[in-house]
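Colleague: Sequence and computational prediction follow.
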Amino acid sequence: MEINELKKECRKETRQRVASLSEAKRAEKSFLACMNVIRTQEFKNAKTILLYKPMKNECDPTLIASAANELKKTIAYPICTDNFGLKALTPKDDMAFLKGAYGIWEPKVEDAQEVNAEDIDLVIVPGVAFDENMGRLGRGAGYYDRFLVKCKNAVKIGFAFKEQVMKSVPISKDDIKMDKIVSDI
């Protein structure tokens, strides 16, 4: 089977596993995964963190944002740009978001400040699936892979439910590996 077919099949199977979890179970698992990130040395040492607003059924990093705010860390969020690119923006407040590309909540450009990718210390990376070798299977457009190359000083933590972490996921040469995978276990 060709790599793109393998990726498509892996995405389908993983999404089905996550969708089978109740909303309450996903909330509980998101809380545990957040606590596991907050306990890491990478989080404690980070001054600037790139987070994301969760899409339906994604592991929710909101508690990480709350902890980072309390510790006066800079929090940036991605915004989709032309040519399948991302920029990191720090919104002025929690109300400075709107639904952007693909229905993802993004900072309003006019109410945010751009953060240089090289200034980011920690990236909390969403994905459809991850593996024990730090591989990541995203949604397929490569937004994060292209952006993570620019985050030369950042630790990349794949953030997921344990149902999204498997022995192996199909990856291509352009897929960026994570430095660490953190889940609810």
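Modeller: Thanks, I have the structure now.
Colleague: C-alpha from now on. contacts and neighbour counts both.
Modeller: Noted.
Colleague: roughly how far apart are Met55 and Tyr102?
Modeller: 9 Å (Cα to Cα, to the nearest Å).
Colleague: For these two, indicate the residue with more neighbours.
Modeller: Met55 (13 against 8; other Cα atoms under 10 Å).
Colleague: Quick one, grab the pLDDT at the spatially closest residue to that one that is not a sequence neighbour.
Modeller: Ranked by Cα to Cα, 6 or more residues apart in numbering and with sequence neighbours excluded, the top spatial neighbour of Met55 is Ile104, at 6.4 Å. Ile104 is assigned a predicted lDDT (pLDDT) of 81.
Colleague: Make sure Ile104 is actually in contact with Tyr77.
Modeller: No: the criterion here is Cα atoms under 8 Å, and Ile104 misses it with Tyr77 at 10.8 Å.
Colleague: And these two? Which one has more around it.
Modeller: Remark: of Ile104 and Tyr77, Tyr77 carries more neighbours, 24 against 18, as counted by other Cα under 10 Å.
Colleague: For the more buried one, which three-state class applies?
Modeller: Counting by DSSP: H, G, I helix; E, B strand; the rest coil, the backbone at Tyr77 sits in strand.
Colleague: so it sits right up against Leu50, yeah?
Modeller: Yes: using Cα under 8 Å, Tyr77 is in contact with Leu50, at 5.5 Å.
Colleague: which residues do the two both contact?
Modeller: Taking Cα atoms under 8 Å, 6 or more residues apart in numbering as the criterion, Tyr77 and Leu50 both touch Ala88.
Colleague: What's opposite Cys80 in the beta bridge?
Modeller: On the basis of DSSP bridges, Cys80 takes part in beta bridges with Leu86.
Colleague: helix/strand/coil for the nearest residue to Leu148 once chain neighbours are set aside?
Modeller: Spatial nearest neighbour of Leu148, chain neighbours left out: Ile176 (7.2 Å); criterion: Cα to Cα, 6+ apart. Using three-state DSSP, the structure places Ile176 in coil.
Colleague: Report how many residues lie close to Ile176.
Modeller: Neighbours of Ile176 (other Cα under 10 Å): 20.
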